[in-house]
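Enquirer: The following comprises the amino acid sequence and a computationally predicted model.
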Amino acid sequence: MLFDLRSRHRRRAVQATYLILAVLMGGGLVLFGVGTGTGGGGLLNALGGGGSGDGQSQVVSQEETAALKQIKLNPNDAQAWGTLLQARWATAINGNNVGPAGFTTAGKNELGRAIQAWNRYAQLTPTPDSALATLAARAYVGLGNYAGAASAWEVETATTPTEPKGFECLAVNAYAAGETRKGDLATAKALKLTPKLSQITTKLTLTQAKSSSTFARNLAAAQC
């Protein structure tokens, strides 16, 4: 469930959001290979469970190189494009590419490359993986493209239609992008799926996101 960022910790949470989310949320998806359908046990196996920042960058580069090699052999290999998305996301969230204010220029360039991989992957498969859709959504947010993030969350909710979280994030990003109707539809769906005891908090939070694009953007970065 989304929490209210009006607390006294909001500013600190927003400032640190990209690094925290990258490590705890997006990083988990990439490192453990959860739900991506790409096999190989994720990047964690390749990293051997640890290593320096430089070592991690080298492994990520190897992952990207391997994916590009496979794509060259078969440009329509959706799995390879998904692996490329993961590798580029992993590069983007490397410590050198993320600062207190968000992604650096180098990090943003890598996010753009990750989105390119996502777009091709989504074209090639009728059922995109929800974890990859989530990574794409976060990449869009990192670039300030909330409409793109909302579109990625639409893909995610199509694959997990009984989970309220995806609809909450879809609503928040839609509101951040000024897509009010899309946000309202997602809010209604999220509330329908949310347990009754939590509906009031969720409704208040999403209502505030609708009324303030700044709040919606902060929420998209901190909680989605």
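Expert: That came in fine, so what should we check first?
Enquirer: Phi and psi next, for P75.
Expert: phi -60, psi -20 (degrees, to the nearest 10).
Enquirer: What is the burial count for D184?
Expert: By other C-beta atoms under 10 Å, the residues close to D184 number 15. Just so you know, the C-beta spots here come from the backbone N, C-alpha and C atoms, and that holds for glycine as well.
Enquirer: who touches it in this structure?
Expert: 171, 210 (C-beta atoms under 8 Å, 6 or more residues apart in numbering).
Enquirer: cool, and L68?
Expert: By C-beta under 8 Å, 6+ apart, L68 lies in contact with L84.
Enquirer: element containing it, please.
Expert: Assigned by DSSP states H and E, L68 falls within helix 53-73.
Enquirer: low-scoring pLDDT stretches of this protein, where are they?
Expert: 1-61 (pLDDT under 70).
Enquirer: The same query, at a cut-off of 90, please.
Expert: 1-63, 94-102 (pLDDT under 90).
Enquirer: Start from the N-terminal end of it and give the strands.
Expert: 98-99, 102-103 (DSSP state E).
Enquirer: Partner strands of the first one and their direction?
Expert: Meaning strand 98-99. strand 102-103 (antiparallel) (DSSP bridges).
Enquirer: picking that back up, adding mean neighbour count and distance to K192, write the strands of the chain out as CSV.
Expert: Formatted as CSV, those follow (neighbours: other C-beta atoms under 10 Å; distance: least, C-beta to C-beta, whole Å):
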stretch, mean neighbour count, distance to K192
strand 98-99, 18, 36
strand 102-103, 21, 33
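Enquirer: will you turn the ones you listed into a markdown table that also has distance to Q70?
Expert: Below are the strands of the chain laid out as a markdown table (distance: least, C-beta to C-beta, whole Å):
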| stretch | distance to Q70 |
| --- | --- |
| strand 98-99 | 28 |
| strand 102-103 | 27 |
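Enquirer: To T205, which of the ones you listed lies closest?
Expert: Shortest distance between T205 and the strands of the chain, using C-beta to C-beta, is found for strand 102-103: 22.1 Å.
Enquirer: Tell me how far that closest one lies from the chain's centre.
Expert: 14 Å (C-alpha atoms, centre = their mean, to the nearest Å).
Enquirer: Same check on stretch 69-76?
Expert: That offset, for stretch 69-76, works out to 25 Å (C-alpha atoms, centre = their mean).
Enquirer: tell me which residues in that stretch are buried?
Expert: 70-71 (16 or more other C-beta atoms under 10 Å).
Enquirer: contact partners of that stretch?
Expert: Under C-beta under 8 Å, 6+ apart, the answer for stretch 69-76 is 77, 80-81, 83-84, 124.
Enquirer: rerun that using 7 Å as the cut-off
Expert: Stretch 69-76 has contacts (C-beta atoms under 7 Å, 6 or more residues apart in numbering) with 77, 80-81, 84, 124.
Enquirer: which residue lies farthest from the center of the chain?
Expert: Largest separation from the mean C-alpha position in the chain: L73, at 28.2 Å (C-alpha atoms, centre = their mean).
Enquirer: how far away is that one from A67?
Expert: 11 Å (C-beta to C-beta, to the nearest Å).
Enquirer: Spatially nearest residue to Y121, not counting backbone neighbours?
Expert: Nearest residue to Y121, sequence neighbours excluded (C-beta to C-beta, 6 or more residues apart in numbering): W81, at 3.8 Å.
Enquirer: tally of neighbours for that neighbour?
Expert: What W81 shows, counting by other C-beta under 10 Å, is a neighbour count of 26.
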